[in-house]
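1. show me the folded form of this:
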Amino acid sequence: MVVIRLFALIVLLSGCSGATPKGQSVHILAIGDSLMAWNNISGHSISDSLAKALGEPVVDRSVSAARIIYHLPISGSAGMNIRKQYTAGDWDWIIVNGGGNDLWLGCGCIACDRKLDKLISKEGRKGAIPGMLSDLRQTGAQVIYVGYLRSPGVGSAIEHCREEGDILEQRIARLAEIDSGIYFLSLRDLVPYGDRSYHALDMIHPSIKASTVIGNKIAQIIQSE
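-> Residues are numbered from 1 along each chain as shown. Here you go, the predicted model:
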């Protein structure tokens, strides 16, 4: 009971409501980890910025610390499994991010290559991420996969995972080349060198400024179609 209540609280704080605004036709869903969920309590998350830029509501079910590969059933259903954050709906667009927690928290820095291959193969066609995106595409929605921020020449607790993160995103980009309904938004070059303003104090998560910029970039992709 304590575990269930704990993860219910995590879901609540991470903005995983899935509620449909009354009287409005929602067609955008966001799922993912803390990159997506950060700043939601203040109303300045990526999804909040996207909704403002488009003038459209966005259902955000992202949860901080969520993973792509996650096997615990109760907490997974509460949102810790990104795949299970999906909720059925008439979605035109599904915004997705994830994989960082699988590498940083899931491989123990001794099995990164194996975890990378489980997430997505070198050619981008096999693995948990292609499987998840294939299911999302079969709903008829187009998918935008959002990459991660890079630290601006300033160390952070996940700096040692930079190379693995680059490889992960290269593979996702290959997958996007295969399916015209998948768009990959790289944030690799978003942060100018030495500029701390795009990160929260932990130098891992996005600041309000970064969440706003990322939301606007997603909006530009949607508006271009």
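2. what's the closest non-adjacent residue to the residue nearest to the spatial centre of the chain?
-> In the chain, the residue lying closest to the centroid (Cα atoms, centre = their mean) is Asn97, at 2.0 Å. Across the structure, with Cβ to Cβ, 6 or more residues apart in numbering as the measure, the residue nearest Asn97 apart from its sequence neighbours is Gly32 (3.7 Å). The way it works is simple: take the backbone N, C-alpha and C, and place the C-beta from them, glycine included.
3. show the pLDDT at the one you found.
-> pLDDT, the model's per-residue confidence, is 97 for Gly32.
4. next: Met132.
-> As predicted, Met132 sits at a pLDDT of 97.
5. same question for Trp91.
-> Trp91 is given a pLDDT of 97.
6. quick one, phi/psi of the residue nearest to Asn97?
-> Per-residue torsions, Gly32: phi 150, psi -160 (degrees, to the nearest 10).
7. correct me, but it touches Val96?
-> Yes: using Cβ atoms under 8 Å, Gly32 and Val96 qualify as a contacting pair, with a distance of 5.8 Å.
8. give me the common contacts of those two.
-> 82, 146 (Cβ atoms under 8 Å, 6 or more residues apart in numbering).
9. pretty sure Glu121 contacts Arg171?
-> Residue 121: Ser, not Glu. Yes: counting by Cβ under 8 Å, Ser121 does reach Arg171; the two are 7.1 Å apart.
10. those two - which one has more neighbours?
-> Shown here are Ser121 and Arg171; by other Cβ atoms under 10 Å, Arg171 has more neighbours (23 against 16).
11. next, count neighbours for Arg174.
-> The burial count assigned to Arg174 is 17, neighbours taken as other Cβ under 10 Å.
12. for it, which non-adjacent residue is spatially closest?
-> With sequence-adjacent residues excluded and distances taken as Cβ to Cβ, 6+ apart, Arg174 is closest to Gly124, at 3.4 Å.
13. can you show me the strands along the chain?
-> If you assign secondary structure with DSSP state E, the strands in the chain sit at 28-31, 59-60, 93-96, 142-146, 182-185.
14. partners of the third one in the sheet?
-> It refers to strand 93-96. Strand partners for strand 93-96, identified by DSSP bridges, are recorded as strand 28-31 (parallel), strand 142-146 (parallel).
15. turn those strands into CSV, columns for mean neighbour count and distance to Gly194.
-> Shown next, in CSV, are the strands paired with strand 93-96 (neighbours: other Cβ atoms under 10 Å; distance: least, Cβ to Cβ, whole Å):
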stretch, mean neighbour count, distance to Gly194
strand 28-31, 26, 30
strand 142-146, 22, 24
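16. please name whichever of these is nearest to Asp195.
-> The minimum distance between Asp195 and the strands paired with strand 93-96 falls on strand 142-146, with 19.6 Å, by Cβ to Cβ.
17. which residues touch that closest one?
-> Residues from elsewhere that reach strand 142-146 (Cβ under 8 Å, 6+ apart): 32, 35-36, 46, 92-97, 133, 136-137, 172, 176, 181-185, 187, 214, 218, 221-222, 225.
18. recalculate using a threshold of 6 Å.
-> Contact partners of strand 142-146, identified using Cβ atoms under 6 Å, 6 or more residues apart in numbering, comprise 93-97, 133, 136, 172, 181-185, 218, 221.
19. how far is it from where the chain is centred?
-> Here the centre of strand 142-146 is set off from its chain's centre by 9 Å, with Cα atoms, centre = their mean, to the nearest Å.
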